[in-house]
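[1] Next come a sequence and a model predicted from it.
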Amino acid sequence: KIVTELIYLSVLGLASPRHRLKMSAPSSASIAPLVDNPAQSSLFSSLISQGAKWSPPSPVGDEIVHTLSNVSYGPDSSAQSLDVYFPDDLVPPAAVNARIRPVLIHIHGGGWSRGAKDSAFYGGPAMAFAAAASGFLVVTPGYRLGAYPAFMFDVARAVRWALDHAGALGGDVENVFLSGHSAGAHIASLLLLRRKDFLDPLGVCPGFLRGAILVSGVYDLFRPMAVAPIDMKNKWFSLAYVAPAFGTDAKLLRESSPLLLIEPGKDISNDGTIMRGVAKKLNVMRSGSDAQERTRGPSPEIEIDVNTADLPPFLVMNASLDMGLQENGKLMAEALSPHTETKYCLFAGTNHASICWNEKSTSAIASFIAERCSKEWKRRGKKDKT
């Protein structure tokens, strides 16, 4: 794992951000109601009594962000905890005159088997701080690592927790957004496409989201990266990341690949372009039933209920230096487009990590959320026009 992490670091050229960037405030039709202060204070007391803790306030530009850490959302593992980020005027005493805010649930990355909700290495805190500094209430769940489908059930439970408690915390449950970075983008998209398996059992209603944001995600577990003439990159990715979390069963990998759920006939061979070109020219494929099965359409015994009927609008994002995931992101956006409003953005000068705190990418997220909020909230110090 240490070697893999070092390779990951060298590929990304990752460096911790020196500053956090502020998003623009959303604006829309109606004025949001005031925070229910008694309910908020009561919930704060309850969560703290259960082990949650306030972190020291963090300056973000000219704003202050407060973080309530290690809030438990499930009984099965210590990994079932989340952090909640608040803008300064959404916690007492300023919250007396605050209005409820849009809610962003962000899922961290880390190749499914590593990472953490509070690890700067994987970019989650940078995105959460930036969103909270702009006025959003942000929920960042942790989850059990390297254990599919456990992490899917964990994130689904965290979403349920957020919907149940965001209102008391000062969030607007009618304006909820879901985002994920890298493996987190995979989890977010799979959660929505297979809602019958993960969300419906928890009573999460269809249409609960205003939008979803997928940042540098993996949507095809067989071949997520651009195919090279001799395609070692996808083989390495499978061995280092996919196999430890999902195993090698082709049926399970199909069922867990968001892109293949929408477009099940997609070629999933991870042969390089040279080998595939030779195979096509000679009209032969590699010998063995397993190789043949992996390059066909979906196996007839695979029966997955795929939800494309009530998907929210999507913003799909990639860095210009994204380890070859750009092609996968474009394909995912194209696959989603017939089913819902979808926008694809590529950010020049960013890599798989820095896209989490790049000014242009965070501004794009802010704009996406702002355009889809149904209420306007009032920032502290501004005159209330109602």
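    That came in fine, so what should we check first?
[2] Could I get the pLDDT score of residue 277?
    The per-residue pLDDT reported for residue 277 equals 45.
[3] and what of residue 375?
    Looking at residue 375, its pLDDT is 76.
[4] Residue 98 too?
    Looking at residue 98, its pLDDT reads 87.
[5] show me the biggest helix of this structure in terms of residues.
    When the chain is parsed with DSSP state H, its longest helix is helix 150-169.
[6] List every C-alpha atom in the next helix or strand after it, with coordinates, as PDB.
    Toward the C-terminus, helix 150-169 is succeeded by strand 171-181 as the next helix or strand (DSSP states H and E). Taking only C-alpha atoms (Å, rounded to 0.1, in the frame of the first residue of the first chain), the coordinates of strand 171-181 have been written out as PDB:
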ATOM      1  CA  GLY A 171     -29.700  23.300   6.200                       C
ATOM      2  CA  ASP A 172     -32.400  23.400   3.500                       C
ATOM      3  CA  VAL A 173     -33.600  19.900   2.800                       C
ATOM      4  CA  GLU A 174     -35.300  21.100  -0.300                       C
ATOM      5  CA  ASN A 175     -31.900  22.200  -1.800                       C
ATOM      6  CA  VAL A 176     -29.600  19.200  -1.300                       C
ATOM      7  CA  PHE A 177     -26.700  18.400  -3.600                       C
ATOM      8  CA  LEU A 178     -24.400  15.400  -3.800                       C
ATOM      9  CA  SER A 179     -20.800  15.500  -4.900                       C
ATOM     10  CA  GLY A 180     -17.900  13.100  -5.000                       C
ATOM     11  CA  HIS A 181     -14.200  13.100  -6.000                       C
END
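[7] Determine the angle, from 0 to 180 degrees, between strand 171-181 and helix 150-169.
    150 degrees (axes from the mean of the first three to the mean of the last three CA atoms, to 10 degrees).
[8] strand partners of strand 171-181, parallel vs antiparallel please.
    strand 101-107 (parallel), strand 211-215 (parallel) (DSSP bridges).
[9] Please identify the most buried of the ones you listed.
    strand 101-107 (a mean of 29; mean count of other CB atoms under 10 Å). Glycine gets a C-beta too; all of them are placed from N, C-alpha and C.
[10] Contacts for it, please.
    Outside strand 101-107, the residues that touch it by CB atoms under 8 Å, 6 or more residues apart in numbering are 26, 32, 87, 90, 124, 127-128, 131, 135-141, 143, 155, 158-159, 162, 166, 170-173, 175-181, 184-185, 187-188, 210, 369, 373, 377.
[11] And the strands in this structure?
    30-31, 53-54, 58-60, 63-72, 81-87, 101-107, 137-141, 171-181, 211-215, 314-321, 342-351, 375-376 (DSSP state E).
[12] can I get the ones you listed in JSON lines with distance to residue 43?
    Formatted as JSON lines, the strands of the chain follow (distance: least, CB to CB, whole Å):
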{"stretch": "strand 30-31", "distance to residue 43": "24"}
{"stretch": "strand 53-54", "distance to residue 43": "13"}
{"stretch": "strand 58-60", "distance to residue 43": "21"}
{"stretch": "strand 63-72", "distance to residue 43": "10"}
{"stretch": "strand 81-87", "distance to residue 43": "10"}
{"stretch": "strand 101-107", "distance to residue 43": "14"}
{"stretch": "strand 137-141", "distance to residue 43": "12"}
{"stretch": "strand 171-181", "distance to residue 43": "11"}
{"stretch": "strand 211-215", "distance to residue 43": "26"}
{"stretch": "strand 314-321", "distance to residue 43": "30"}
{"stretch": "strand 342-351", "distance to residue 43": "35"}
{"stretch": "strand 375-376", "distance to residue 43": "21"}
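[13] which one of these has the lowest average pLDDT?
    Per-stretch mean pLDDT for those is lowest at strand 375-376 (a mean of 75).
[14] List the buried residues for the longest helix of the chain?
    The neighbour-count check on helix 150-169 (16 or more other CB atoms under 10 Å) flags 150-163, 165-169 as buried.
[15] chain center to that helix, what's the gap?
    Put simply, helix 150-169 sits 14 Å off its chain's centre (CA atoms, centre = their mean, to the nearest Å).
[16] coming back round to it: the strands paired with strand 171-181: which one's closest to residue 203?
    Minimum separation from residue 203 across the strands paired with strand 171-181 (CB to CB) falls at strand 101-107, 16.5 Å.
[17] Now do the closest one against strand 137-141, angle only.
    20 degrees.
[18] so residue 203 touches residue 160, yeah?
    Yes: when contacts are counted by CB atoms under 8 Å, residue 203 is listed as touching residue 160 (7.3 Å).
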